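S.K.: starting from these lines, generate the structure:
(chains A, B and C)
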Amino acid sequence: MSEKLLEIQDERLSFFTQAGEVKALNNVSFSMEQGDVLGIVGESGSGKSVTAYSIMGLTAYPGKLIGGTIHFNGHEIEKMTEKEFRKMRGNEVSIIFQDPMTSLNPVYTIGNQIVEVIRLHTNKTKKEAYARAKELLELVGMNEPEKRLKQYPHELSGGMRQRVMIAIALACEPKLLIADEPTTALDVTIQAQILELMQELRAKLGMSIIMITHDLGVVASMCEKIAVMYAGHIVEYGTTDEIFYQPGHEYTKGLINSIPKLNAQGKERLIPIEGTPVDLLNPPAGCPFAPRCTNCMKVCLREMPPRTDLSDTHYSLCWLHQKQQAEQGGKAE
Amino acid sequence: MAEKKIQKNPLSLQLNADDFNLASGEEKQSLVVMRESVSFWKDGFRRLGKNKIAMVSLFFIVLIMIFAYIVPVFYPYTYAQQIRGSENLAPFTYSEKEQARIDAGESVFPHVCGTDKSGRDYAVRLMLGARISLTVGLLCSVLVLLIGATFGAISGFLGGWADMIMMRITDILYTIPDILLIILLAVAFKEPLEVLASKPGFGWLQTLGPNLVSIFIVFALLYWVGMARIVRSQVLTLKEAEYVTAARALGASGGRIIKKHLLTNCIGTLIVTTTLQIPSAIFTESYLSFLGLGVASPMPSLGSLATDAVKGMNTYPHLLLLPALLISVIILVFNLFGDGLRDAFDPKLKN
Amino acid sequence: MVKYTVKRIGMGLFSIFIVATLTFFLMNMVPGGPFVAEKSMSKAAQQALAEKYGLDKPILERYGTYLTDLLHGDMGPSLKQRGREVSDIIFSKFPVSAKLAGIAVLVALCVGIPLGCLAAYNRGKWADNLIIVFATCGIAVPSFISSVLLLYTFGMNLKLLPVVGLNEAAAYVMPVTALALYPAAYITRLMRSSLLDVMGQDYMRTARAKGVSNFKILFKHALRNAVLPVVTYVGPMLAGLMTGSFVVEKIFTVPGLGREFVSAITNRDYTMIMGTTIILATLVIAANVIVDVLYKIIDPRIKLK
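M.R.: As a prediction, the model looks like this:
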């Protein structure tokens, strides 16, 4: 366990709102080793961001961790105090948010905001910190770093700002970088640039990355492992190849079918996933995906499917596997 | 219980084969909790109804309205009626004369709030004062709404240089401290209106008091600036809004766009702004009354009642405290109700 | 920046000109001059006075003369306080009012901003509720009522504080409280909602993710953004203080400009009304211009047109 960078076991987290308990995460488990790139895929509200935030102790009130353990880089996250979190955030683990337009403080210069994080976690003087900030801006591929340091966020474009966010995140060379939909708010061409930059930086600095996205294209190009989340459950987990070529869960299949294919012949139609995500305030008793599933069975409506290991690295939570096993078992008998 | 345990063990051989049959559409649907979709108004009223503070405020507004407009009609005393020998009575006390009448078996309606120095029943004067204050507040807000909304809407719709000139006018009006002009206008209108009131056919001006009329004019002239700006910016946003473009692209007529989109989107803002205008008008009226520029005697307003009581506040504190409290409560409940309306119908305005 | 400032000042000057013009014609619209009310005076004496002050000339000519004089800083003689220049009266009364208003502004800011922050930080808890109650009640009580009630309770009943004039430090307590109550309550509300808004912004999450301490998050990242609406309120606040000062100075018999304005109006002292109106309007307009320019300095996003 100790060689693992991150190990999450049976994490349960709820938001206690006025309307009732919203079960945002249900028994989420996965682990990462140093240098891994993990993609977490799912719709909005499926719990992918909450999972990542909980590693940093950033789940805002009224969110509360109610069970499970999280080990990160030797820390026991579930037992940590705010003060210990503070030392860790921005230093050992850092994050890039979705919307670079609103994630930078509008009243401070870029330089000020990069230097802030450097000085929080190192003993560098102001001058050294500025020199480091300049280096970082060069690292993330910004021209005229001297000038940029003195500019305000509103003077930069979205792509530029996301580069600044990455510079801030990498300032203290973190072990783990969480990228929460880093390209969703950007133009397609800029998206490609940012992804390329992240890959480059990973090769150079060797940090682990958790890539949160709803875009399967992004994970396919960047990640080695993928966790598919639905309604607070990891419904399928596996290597990128396994997920794309042998998807186990009906939801994953649905996601893959809804991607346009370049080599599609003629008038092939995209297959959307019908219906809307579940209401987490009143989650159904069975599989949360059941109401939208084309192969939904009676048992699916009643009970949560158990985990079925499809290979050493691949598992999925679906009753169909049980059915298959039962049928095979029946034949064997 | 036993059965459940079996099902919890999915690899058990006692699996029910039926479980692996496809579920029917209805079975699936039963799990989907659909939130009922509600209209803008229904949703707003539901939210308003849930807001306890707003509902309590509304209750007080209705209560004060009943006391201001209905109760005085049935009340045994009138606001100008001077009862001789009953000057400066404390609440619930009777003068010697009245005591004699009570002893003689007559029933005398108690002076719930006492009487003032001219022997006028204070309770009915308070009610009338509240009536004047409320009337000023309501009428002024309506005036502000009409003028402001028209000005703002025209400015927003025309756009271009007409809009620019109209907005420069509001800019200038906005920077001028309004209370100075209100006082000046109140003074300036006072005498011409008094002259007008003495002419035949304008007797109503006299009863209303020229000052009251000048307050209306002042409000109509000055206070619409904020409203005009709000309406203009609403019109401008809506003009650019994508759903309006979409409606136009779908071939909706201009009238339909105005009715369906612009009006329904503006109306929440309009109601909220108007409601919040009421306390500010009441505020200003009581203030002007305090400076001696309010309603004409013997007509009372809450401001003038408080002013009259200042001189004798050491001996008769209740004469001061009651109108002061009433003004504050009226302003408070209108503010709170306006806030509630805003939260219910116009969450965008919240900050 | 310079261009913007010049433009704003130009617009401000134009506003002052409008105020001067409006006031001048409004005053002269009123039938009956400043001397009519003085019954003891004979017709001939009134005539003589009117001639002396140039009131017999056509209105446009008087308007022209007044504006020319005003440009030279001459506001003419007071019509009622004979033998005194309007500018002299204003300059002798102004410091009194300015001191009172200045203290009230400080009190309002020093009370409103911390209370607003406290409420926002304890959102939904009893401290928040208590502060909201204070703020809501504070904006519902007109200044004349709070002044009178203060006077009644602390001055007359408890006899704790002096009721007249501003001769000692304790005498400032009541007028300042009465003046500062409304703006303090308003700033509290403004600060609370603006801080709540800022606290929900993405860049606050960024700051937390960087490992910034709560103290620094509040003072470096939140306050500077949250205080912006309060800055814009300074202009209206000054106008409001002026309004309050008319009443407060009257009730606490403070020899200030507000009282002078009110008595000038009741006395029809044309030149005094003109003078005080222009000075007060200039102050408020100037405050608005300064705030606009200041806003640009604090918030780099505001683009100059």
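
S.K.: what's the neighbour count on the closest residue to chain B within chain C?
M.R.: Closest to chain B within chain C is C:Ala140: 3.8 Å, counting by C-beta to the nearest C-beta. Every residue, glycine included, has its C-beta placed from N, CA and C. The number of residues packed near C:Ala140 is 22, by other C-beta atoms under 10 Å in any protein chain shown.

S.K.: what sits against it?
M.R.: Going by C-beta atoms under 8 Å, 6 or more residues apart in numbering or on different chains, C:Ala140 touches B:Pro279, B:Ser328, B:Val329, B:Ile331, B:Leu332, B:Asn335.

S.K.: please identify the helix or strand for the third one.
M.R.: Spelled out, that is B:Val329. Assessed by DSSP states H and E, B:Val329 sits inside helix B:317-345.

S.K.: ok, now A:Glu7?
M.R.: Assigned by DSSP H and E, A:Glu7 belongs to strand A:4-17.

S.K.: residues of that strand that come out buried?
M.R.: A:Leu5, A:Leu6, A:Glu7, A:Ile8, A:Glu11, A:Arg12, A:Leu13, A:Ser14, A:Phe15 (16 or more other C-beta atoms under 10 Å in any protein chain shown).

S.K.: what parts of the stretch 101-250 of chain C come near chain A?
M.R.: Residues of the stretch 101-250 of chain C lying near chain A by C-beta under 8 Å from any C-beta of the partner chain: C:201-203, C:205-214, C:221, C:224-225.

S.K.: coming back round to it: pLDDT on the helix holding B:Val329, on average?
M.R.: The pLDDT scores in helix B:317-345 average 87.

S.K.: stretch A:202-218 now?
M.R.: Computed over stretch A:202-218, the average pLDDT equals 87.

S.K.: using CSV, write out every CA atom in it.
M.R.: C-alpha atoms of stretch A:202-218 as CSV (Å, rounded to 0.1, in the frame of the first residue of the first chain):
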residue,chain,number,x,y,z
ARG,A,202,3.9,15.2,-17.6
ALA,A,203,6.7,13.7,-19.6
LYS,A,204,9.1,16.4,-18.3
LEU,A,205,8.0,16.4,-14.6
GLY,A,206,6.7,12.9,-14.1
MET,A,207,3.7,13.8,-12.0
SER,A,208,0.5,11.8,-11.8
ILE,A,209,-2.6,13.3,-13.3
ILE,A,210,-6.3,12.8,-12.6
MET,A,211,-8.2,13.9,-15.7
ILE,A,212,-11.8,14.7,-15.0
THR,A,213,-13.9,15.0,-18.1
HIS,A,214,-17.0,14.1,-19.9
ASP,A,215,-15.2,14.0,-23.2
LEU,A,216,-14.1,10.5,-24.0
GLY,A,217,-11.8,11.8,-26.8
VAL,A,218,-9.7,13.6,-24.1
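
S.K.: sketch out the low-pLDDT regions of the chain for me.
M.R.: No chain specified, so I'll use chain A. Scanning chain A for pLDDT under 70 picks out the ranges A:1-3, A:60-61, A:262-268, A:329-333.

S.K.: meant chain C, my bad for not saying
M.R.: With pLDDT under 70 as the threshold, chain C has low-confidence stretches at C:29-42, C:50, C:52, C:54-55, C:165, C:302-305.

S.K.: and what of the stretch 1-150 of chain B?
M.R.: The model of the stretch 1-150 of chain B has pLDDT under 70 over residues B:1-18, B:23-38.

S.K.: what is the longest helix belonging to chain B packed up against?
M.R.: If you go by DSSP state H, chain B has its longest helix at helix B:122-158. If contacts are counted by 3 or more C-beta pairs under 8 Å, 6 or more residues apart in numbering or on different chains; DSSP states H and E, helix B:122-158 sits against helix B:52-65, helix B:71-74, helix B:160-175, helix B:210-222, helix B:224-240, helix B:264-290, helix B:302-310, helix B:317-345.

S.K.: centre of the chain to the shortest one, how far?
M.R.: What that stands for is helix B:71-74. 23 Å (C-alpha atoms, centre = their mean, to the nearest Å).

S.K.: that one: what's the following helix or strand?
M.R.: helix B:96-103.

S.K.: again with the fifth one
M.R.: Under the assignment DSSP H and E, the closest C-terminal helix or strand after helix B:224-240 is helix B:242-249.

S.K.: ok, now the third one?
M.R.: Counting by DSSP H and E, the element after helix B:160-175 in chain order, helix or strand, is helix B:178-198.

S.K.: tell me if that next one is near chain C.
M.R.: Yes: applying C-beta under 8 Å from any C-beta, one finds helix B:178-198 touching chain C at B:178-181, B:183-185, B:187-188, B:190-192, B:195.
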